[in-house]
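>>> Compute the structure for the input listed below.
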Amino acid sequence: MDEFSPIPSQESIDDARQRWQEGTDTFGRVYDVALGITTPTTSAEIADIADCSANAAKKHLERLTEMGIVRATREGRPVQYTRNDSYLEWQEASRIADELSVEEIIERVQALEDERETYEERFETTDPTTVSVFNQGDHDAIHDRMTAISNWHGISRDIRLYELARQIVQNDGHLIPA
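Predicted coordinates for the structure are as follows:
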């Protein structure tokens, strides 16, 4: 049995990249790369990752900007692009709205609010960003506290998503009443 390595071999990486290039058109590759970037990135850098020309990447990035999927920072040269996290949140809320009824969403929000209240009582604050994780005595206590704060942040995010999904369901697919 081969020993597990968390780092894939170069051959595996090349094979996956080739399948991606062959199975995805240029727009799809630019879209995939744009959703994967977390810092401002130029169209040339995105083109390099998406394996396309800089002109093609720029054209598709402008289209993605018009669609609200990415944001363009035009203050300097060259223009830099970042993914629009609000678009991803809206997409996830829309998925929830498609899958659940208003009643199910309300029940889920109540359960999440109960969990949030447990964290607020445990840490004696309503804001997880005010909690210090490093004033604990040992590594395990620090790790447990970091995990709890991370979960608390996730619960707060989920509450926002489910509330957005509720609005979408109650307004026939719109964020605000038509």
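>>> neighbouring contacts of stretch 155-162?
89, 92-93, 96, 105, 108-109, 112-113, 115-116, 119, 128 (CB atoms under 8 Å, 6 or more residues apart in numbering). Every residue, glycine included, has its C-beta placed from N, CA and C.
>>> According to the record, where do the domains of this protein fall?
Listed by automatic domain parsing, the domain ranges of the chain are 10-83, 87-170.
>>> could these be laid out in a markdown table, adding distance to residue 177?
Shown next, in a markdown table, are the domains of the chain (distance: least, CB to CB, whole Å):
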| stretch | distance to residue 177 |
| --- | --- |
| domain 10-83 | 21 |
| domain 87-170 | 8 |
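>>> a markdown table for those, including mean neighbour count?
Listed next are those as a markdown table, based on neighbours: other CB atoms under 10 Å:
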| stretch | mean neighbour count |
| --- | --- |
| domain 10-83 | 15 |
| domain 87-170 | 15 |
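>>> Need those domains in JSON lines (columns: distance to residue 3 and mean pLDDT).
As requested, the domains of the chain are exported to JSON lines (distance: least, CB to CB, whole Å; pLDDT from 0 to 100):
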{"stretch": "domain 10-83", "distance to residue 3": "15", "mean pLDDT": "91"}
{"stretch": "domain 87-170", "distance to residue 3": "27", "mean pLDDT": "92"}
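>>> Going by distance to residue 73, which of the contacts of stretch 155-162 wins?
residue 89 (20.1 Å; CB to CB).
>>> gap between the particular helix or strand that has that closest one in it and the chain center?
Secondary structure assigned from DSSP states H and E places residue 89 in helix 85-99. A distance of 11 Å separates the centroid of the chain from that of helix 85-99, by CA atoms, centre = their mean, to the nearest Å.
>>> One more: stretch 126-142?
Using CA atoms, centre = their mean, the offset of stretch 126-142 from its chain centre is 25 Å.
>>> what's the first-to-last distance across it?
20 Å (CA to CA, to the nearest Å).
>>> max-length helix in the protein?
Among the segments of the chain that qualify as a helix by DSSP state H, the longest is helix 139-170.
>>> Can you give the distance from that one to the centre of its chain?
Using CA atoms, centre = their mean, the offset of helix 139-170 from its chain centre is 13 Å.
>>> what about dumping the CA coordinates of stretch 166-176 to PDB?
Extracted C-alpha coordinates of stretch 166-176, given in PDB (Å, rounded to 0.1, in the frame of the first residue of the first chain):
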ATOM      1  CA  ARG A 166     -36.500  33.600   4.200                       C
ATOM      2  CA  GLN A 167     -36.800  37.000   2.500                       C
ATOM      3  CA  ILE A 168     -36.300  35.400  -0.900                       C
ATOM      4  CA  VAL A 169     -39.000  32.800  -0.200                       C
ATOM      5  CA  GLN A 170     -41.500  35.200   1.200                       C
ATOM      6  CA  ASN A 171     -41.000  37.600  -1.700                       C
ATOM      7  CA  ASP A 172     -41.400  35.100  -4.500                       C
ATOM      8  CA  GLY A 173     -37.700  35.000  -5.300                       C
ATOM      9  CA  HIS A 174     -37.000  38.600  -4.700                       C
ATOM     10  CA  LEU A 175     -35.100  40.300  -1.800                       C
ATOM     11  CA  ILE A 176     -37.700  43.000  -1.500                       C
END
